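> Have a look at this prediction, sequence included:
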Amino acid sequence: TNHTYDLSEDEWSHLTKLVQGDHPEYSKKFLKELANDSLRNVKIIESIKEYADKGKKILYFSTDKSQSKIVFIILQKLGVKAVHIDSETDKKFRKQIVESFQYTDEISVICNYDIFSTGFDVPNLDVVFIARPVNSPVLFNQIVGRGTRGEKMDGKSEFILVQVIDKIR
């Protein structure tokens, strides 16, 4: 979007003090600011819709829970077969969603917040779409790993990785 996000002194302090392993993570307050950026969201939605219109199976990692829901709702209104899942989604319903995503054409996009970075295996995944800043190489590799199943594991030989890069100073 060519928008630069300036961290406040409190945000910078949070980032430098709050450390997961050796990799600082952004505060929920700052992630909320990113999530509420309408122009950013429009570009994300347009990009996801382009892939969905091409018949791609997309796993979307949102900036926060409310943004995941917004993206999901707008995609549905645009005719995209999308769902939203987060940690509060009923486990049985979540399983049904994953099976439908994996074995049918009823769902083309799963919008998720903080739930499918590990333990999610859908070999026919076409696009991993990351819209949240990720500082941890371990977490980033886990997220990207959702698309790297490969042909030996009944997956695809390639997938598309889309990562939103925000200017943060």
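All right, it came through fine.

> Residue 66 is in contact with residue 28, correct?
No - using C-beta atoms under 8 Å, residue 28 makes no contact with residue 66, being 10.9 Å away. Every C-beta, even on glycine, is put in place using the N, C-alpha and C of the backbone.

> what's the first-to-last distance across stretch 32-41?
End-to-end distance of stretch 32-41 (C-alpha to C-alpha, to the nearest Å): 12 Å.

> actually stretch 75-82, not the one I typed
End-to-end distance for stretch 75-82, by C-alpha to C-alpha: 6 Å.

> and that stretch, how far from the chain's centre?
16 Å (C-alpha atoms, centre = their mean, to the nearest Å).

> Tell me the buried residues in it?
75, 80, 82 (16 or more other C-beta atoms under 10 Å).

> Output the residues you listed as JSON lines; include the columns pLDDT and distance to residue 58.
Shown next, in JSON lines, are the buried residues of stretch 75-82 (pLDDT from 0 to 100; distance: C-beta to C-beta, whole Å):
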{"residue": "75", "pLDDT": "98", "distance to residue 58": "10"}
{"residue": "80", "pLDDT": "98", "distance to residue 58": "9"}
{"residue": "82", "pLDDT": "97", "distance to residue 58": "8"}
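
> Name the nearest of those residues relative to residue 164.
Using C-beta to C-beta, residue 75 comes nearest to residue 164 of the buried residues of stretch 75-82, at 15.8 Å.

> show me the contacts for the closest one.
Residue 75 is in contact with 45, 48, 49, 52, 82, 109, 111, counting by C-beta atoms under 8 Å, 6 or more residues apart in numbering.

> Which two of these have the greatest separation?
Longest span within the contacts of residue 75, C-beta to C-beta: 49 and 111, 12.3 Å.

> Between those two, which is the more surrounded one?
The residue with more neighbours, out of residue 49 and residue 111, is residue 111; 28 against 19, by other C-beta atoms under 10 Å.

> biggest helix in the chain by residues?
Ranked by residue count under DSSP state H, the longest helix found in the chain is helix 38-53.
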